[in-house]
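Chemist: pasting a predicted model and its sequence here:
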Amino acid sequence: MAKLENREALKNLRNSLQAKFQESKKKLISLCAGSGCGAYGTAKVHEKLMAELAEQGLENEVEVKLSGCHGFCEKGPIMVIHPEGIFYPQVQEQHIPEIVEHTVKNGELVKSLIFKDPATKKKIIHEKDVPFYKLQKRIIFGNNGIIDPTNIQDYLSVGGYAALEKVLFDMSPEKIIDEVKESGLRGRGGGGFSTGIKWASCRKHEGERYVICNADEGDPGAYMDRSLLEGNPHSVLEGMIIGAFAIGSNEGYVYVRHEYPLAVKNFSMALESARELGLLGKNILGTGFDLDIFISRGGGAFVCGESTALMASLEGNPGLPRAKYIHTVEKGFRQNPSLLNNVETWANVPVIINNGADWYASIGTEGSKGTKIFSLVGKVMNTGLVEVPMGTSLRTIIFDIGGGILKKKKFKAVQTGGPSGGCIPEKHLDLGIDFDELTKVGSMMGSGGMIVMDQDTCMVDISRYFVEFLKDESCGQCNPCREGLKQMLDVLNRICEGNGREGDIEILEELGGMMQKFSLCGLGTSSPNPVQSTIRYFRDEYVAHIKDKKCQAGVCKPLFYYEIDPELCNGCTLCAKRCPEEAITGKKKELHELNQDKCIKCGICYDVCKFNAIAIR
Amino acid sequence: MVPKDKGLMSMEHFVEIDWQKVDEIIEKYNGNREALLMIMQDISDIYNYVPPDVVPVLVNKLGVRESLVYSVATFYKTISLEPRGKYIVNVCTGTACHVRGADKIMDALEGHLNIKEGQTTDDLLFTLQGVRCVGCCASGPVITVNQKTHGGLDRASALDTVKSYDQCIS
């Protein structure tokens, strides 16, 4: 493509692509190529689909698009057939001939593939009617399913780079910053600091300014940044270019995890095509504004999500954080003023510019504006990425969008905010979530991970799990974090092993207070959160582990045993067949017995029994 | 799994380094010392580890201290200074996979490969690692083998997945 020299050229290109997109009568098959669906086999489905279309001579009549993440990752690979919007989840190779024969050729539905809502058992034909999507407000994530992320023309055809055009030609840098300030946008990486204020303070400082995108998505259980970079990289890039123009920066970096190869690939392609079109480089659209952006790949260190550690890593050093007496907006990367925002924050910027601060501020709550993408995962029926307005209740997200708990088990808690977040119990399910409300109940927004836990999750084990994670990830510079986490883990390990002592809960609380007050960086100061929040809401479980030596969830192996409930066992023999240790014996249709000496508590019997006859004691 | 061809490829046998390739990688980043980590990642993509013989070359060409190379190599999890298997099996132990039974997958694979987490089979075919979140949280439990992700696993399908790589070679 030829370089765009001025405003008119960009406008003309976009208008013609938009018109083409809207007029196109071609059938379009959108097949999700995000990492979630990829794990379920998109590549094979795509290959088969192309072969089948070619064989039927339909390759010129049907357009196939490998799109970004649709969000409903649980049901991958996902296929949507436009213009009707027919939604086929969990498509496998063997379904392709039927889909082509019936739906593509004759416009008929393949009945066996129609989505069945697990909650209501109703069949749902169109994507827009699926409850998972219906209750969402997808202003950031919406285009993911429509566009091919590797094609800049697709992004332009849905109105892409209109916001960039607007800021370059119609707005002063000060006006842009005011607009972002007024929108009420707060940092989506976890801090929740006002984005506009951050931009303004970076612009104020003299030096070679940098814009940086934090894509070191390390929170286990959160993957919205990955999906945005993979599925709509230009939306993030457009946000960064606008940010660079607003603060007066000519160089930018995207710090992305090496473990996200597809994100690296798609974003690299986005950079390349933007350079080709002249949206990056020297004299962008003839305005005299120069900017280039580069990718830096992180090396799998959680602490590098922290701003000062990230910048140390960008400079080619180990990612060690420093005390922030001087903020990175003043002295960050290469000792220069640096503006660091998270992937999702950057992706919000074009939306704000296009629709205006007032429109944006009308979504959400008093203190938190706009939408937030949550990664709804764990023991919930419909897992995936969910974008809802700030203030939506946990209940709506987990039960209405998420379809409730898997296997009709009982909800126990939802963990938000990543390893440094907290576990929220059932009594707070009606909480409208935003930055401030989550903090009030002892958790935090973090980057938007939302891990649902049921009766089979042990809260002491979960807190042990997070402390172990953080102990491994602590950079080791400061004592409170390095030693505090190690001591906490020792105490939690002994509780889980059945050697808990009276006073252990108090030790954990005391350690936590110390770490919170005296650690060097955010990782350390927030690291006791998972322990403190589980003690706050699930103290009984800690007491049961320590005093009664019982783990009711059946997770801490020394603290429970399995037993067959004589009332419920109907002698189906399934457990006996699957037991790897031959610990279960019994005749067909007769009560089975479990030999405790042989049992290794692997839990297979508990998982396979359809009659809840395996009891945890 | 029984380690095979033990005599042919033991852990003591380090790889033959293609110095031209190493130079090309350094060149690709213009010898920029800020790219040290990425250069090591690219070398690692070829050999599955950073052969210690490369370190003096990095010191020279990038103009950095040897201590910096080692501190970067040991700080970041994606870099290993010891040989790893042809197939690096990463069991995701992120929170979502954890609550859906990642430890059971790890148990099963440890048993099958007859190694513990963090170890490599004697035939240098498989390295088994626990990693924190590969970002496929909705499809958990998940494992990755090199760069390919396999989701929605249980013990049996995890074993089948790893076995399928085993068969690729023999």
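Modeler: Thanks, I have the structure now.
Chemist: check contacts around residue 31.
Modeler: Just going to use chain A. By CB atoms under 8 Å, 6 or more residues apart in numbering or on different chains, the contact set of A:Leu31 is A:37, A:42, A:45-46, A:49, A:64-67, A:77-79, A:91. Where you see a C-beta, it was placed from the backbone N, CA and C, and this is true even at glycine.
Chemist: meant chain B, my bad for not saying
Modeler: B:Lys61, B:Leu62 are the contacts of B:Gly31 under CB under 8 Å, 6+ apart.
Chemist: what distance do you get for it to chain A?
Modeler: 12 Å (CB to the nearest CB, to the nearest Å).
Chemist: just the buried residues of the lengthiest helix in chain B, please?
Modeler: Using DSSP state H, we find that the single longest helix of chain B is helix B:155-169. Buried residues in helix B:155-169, counting neighbours by 16 or more other CB atoms under 10 Å in any protein chain shown, are found at B:Arg155, B:Ser157, B:Ala158, B:Leu159, B:Thr161, B:Val162, B:Tyr165.
Chemist: can you narrow those to ones near chain A?
Modeler: B:Arg155 (CB under 8 Å from any CB of the partner chain).
Chemist: hmm, back to that, can you list contacts of the longest helix of chain B?
Modeler: A:604, B:1, B:86-87, B:89, B:104-105, B:107-109, B:112-113, B:125-126, B:141, B:143, B:145, B:150, B:153.
Chemist: helix or strand for A:Pro345, just tell me which one.
Modeler: Actually, residue A:345 is Thr. It isn't Pro. Assigned by DSSP states H and E, A:Thr345 belongs to helix A:343-355.
Chemist: okay, the next helix or strand after that helix in PDB with CA atoms only?
Modeler: The helix or strand immediately downstream of helix A:343-355 is helix A:357-361, counting by DSSP H and E. This file holds the C-alpha atoms of helix A:357-361, laid out as PDB (Å, rounded to 0.1, in the frame of the first residue of the first chain):
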ATOM      1  CA  ALA A 357     -15.400  12.500  27.100                       C
ATOM      2  CA  ASP A 358     -19.000  13.100  28.100                       C
ATOM      3  CA  TRP A 359     -20.200  10.000  26.300                       C
ATOM      4  CA  TYR A 360     -17.500   7.900  28.000                       C
ATOM      5  CA  ALA A 361     -18.100   9.400  31.400                       C
END
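Chemist: give the buried residues for helix A:357-361.
Modeler: Residues of helix A:357-361 classed as buried: A:Ala357, A:Tyr360 (neighbour count, 16+ other CB under 10 Å).
Chemist: how far does that helix sit from its chain's centre?
Modeler: Helix A:357-361 has its C-alpha centroid displaced from the chain centroid by 24 Å (CA atoms, centre = their mean, to the nearest Å).
Chemist: coming back round to it: out of the contacts of helix B:155-169, which are buried?
Modeler: A:604, B:1, B:86-87, B:89, B:104-105, B:107-109, B:112-113, B:125-126, B:141, B:143, B:145, B:150, B:153.
Chemist: give me the subset of these lying in helices.
Modeler: A:Ile604, B:Lys104, B:Ile105, B:Asp107, B:Ala108, B:Leu109, B:His112, B:Leu113.
Chemist: residue contacts, the last one?
Modeler: Taking CB under 8 Å, 6+ apart, we find B:Leu113 in contact with B:Met1, B:Val89, B:Thr121, B:Phe126, B:Leu128, B:Val162.
Chemist: now the fourth one
Modeler: Going by CB under 8 Å, 6+ apart, B:Asp107 touches A:Cys602, B:Arg155.
Chemist: quick one on the thing from earlier: in helices, which of the contacts of A:Leu31 appear?
Modeler: With DSSP H as the criterion, helices contain A:Cys37, A:Thr42, A:Val45, A:His46, A:Leu49 from among the contacts of A:Leu31.
Chemist: out of those residues, grab the one that's most surrounded.
Modeler: A:Cys37 (32 neighbours; other CB atoms under 10 Å in any protein chain shown).
Chemist: tell me, how many residues neighbour the closest residue in space to that one that isn't next to it in sequence?
Modeler: Nearest non-adjacent residue to A:Cys37, counting by CB to CB, 6 or more residues apart in numbering or on different chains: A:Gly76, 3.4 Å away. Per other CB under 10 Å, the neighbour tally for A:Gly76 reads 29.
Chemist: pretty sure A:Gly76 contacts A:Ala43?
Modeler: No. Look at A:Gly76 against A:Ala43 with CB atoms under 8 Å: they stay out of range, at 12.0 Å.
Chemist: if I pick the residue nearest to A:Cys37, what's in contact with it?
Modeler: A:32, A:34, A:36-40, A:42, A:89-90, B:138-139, B:151 are the contacts of A:Gly76 under CB under 8 Å, 6+ apart.
Chemist: A:Cys609 now?
Modeler: Per CB under 8 Å, 6+ apart, neighbours of A:Cys609: A:Leu574, A:Cys575.
Chemist: if you set the cut-off to 6 Å instead, what comes out?
Modeler: Listed by CB atoms under 6 Å, 6 or more residues apart in numbering or on different chains, the contact set of A:Cys609 reads A:Cys575.
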